[in-house]
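Colleague: sequence plus predicted model, see below.
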Amino acid sequence: MSTSSKENTLEIFEDIKKNLTRGVKDRKHAFHTPVISNVDAEGGIDSRVVVLRKFDPTNLILNFHTDFRSPKVFNLQKNNKSLFVFYDHKLKIQLRIKTTSSINNQNERAREMWDKTRLFSRKCYLTLKDPSSVTEFPEDGIPEHLTGKEPSLEESEQGYKNFTVVENKIDEIDWLYLEISGHRRLRLKFINNEPKYDWLIP
Ligand SMILES: Cc1cc2nc3c(=O)[nH]c(=O)nc-3n(C[C@H](O)[C@H](O)[C@H](O)COP(=O)(O)O)c2cc1C
């Protein structure tokens, strides 16, 4: 992307979509592991890194996967407002994306994604204790016989009830391009997936 294209709203939007798509596919891309924040049970802010699992450029949806028992699922059901932060050092681009989250557990969407997960990844959903629960000694909660091993297909299926796809519908993107000769900042607000653009002072 040339410097002049950093002042062209359509090109910026296309570039955002291109990089989010790459972020899903390329594990080395900085956009592969955004931070997502939401409101916790006490009304505070909670943030954590997740893996970006899907980006739908037509419907403007970002997905990540998690365990249904984790507190963020309950909290997102209570308050579905969420915010992703992406930063790519090489591209010099920060994206702050406001989203509305919805939880998919033991439904068609969860099943579709679960069927695509590898056995090794399914291990995360087999912890005996709930994620975030207090434990007496340092452990990962995964049954001992699975240390360093993949579960069998049959055993892995026990994790399905915990596997959750969090879909996050994009409401607004705040794009920031850091450039020594002059930073640029664009806000994209979406109504029916159509962006309304506003340049902002960075
Ligand atoms: C590189 C990286 C990727 C992660 N990916 C995920 C993920 O996709 N889903 C998830 O629930 N937690 C993921 N985590 C763990 C979360 O950051 C967090 O520690 C965990 O989900 C507990 O968060 P909670 O207490 O808000 O539920 C990841 C952590 C790192 C460092």
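Modeller: In hand now; what should we look at? From a predicted model like this one, the values you see are computed outputs, not experimental measurements. Residues are numbered from 1 along each chain as shown.

Colleague: please make it C-alpha for all contacts and neighbour counts, starting now.
Modeller: Fine.

Colleague: the longest strand seen in the chain: which residues count as buried?
Modeller: Once the chain is assigned using DSSP state E, the strand that runs over the most residues is strand 163-177. Under the neighbour-count criterion of 16 or more other Cα atoms under 10 Å, strand 163-177 has 163-177 buried.

Colleague: neighbouring strands of the next helix-or-strand element following that strand in the sheet, and parallel or not?
Modeller: Past strand 163-177, further along toward the C-terminus, the next helix or strand under DSSP states H and E is strand 184-191. Sheet pairing for strand 184-191, assigned by DSSP bridges, gives strand 163-177 (antiparallel), strand 194-200 (antiparallel).

Colleague: figure out which of these is closest to Asp130.
Modeller: Counting by Cα to Cα, Asp130 lies closest to strand 163-177 out of the strands paired with strand 184-191; the figure is 12.6 Å.

Colleague: which helices and strands sit right next to the helix or strand of the chain with the lowest mean pLDDT?
Modeller: Among the helical and strand segments of the chain, the one scoring lowest on mean pLDDT, DSSP states H and E is helix 119-122, with a mean of 94. Based on contacts counted as 3 or more Cα pairs under 8 Å, 6 or more residues apart in numbering; DSSP states H and E, the elements that helix 119-122 packs against are helix 153-156.

Colleague: so Gln77 belongs to a helix, correct?
Modeller: Yes. Checked against DSSP: H, G, I helix; E, B strand; the rest coil, Gln77 lies within a helix.
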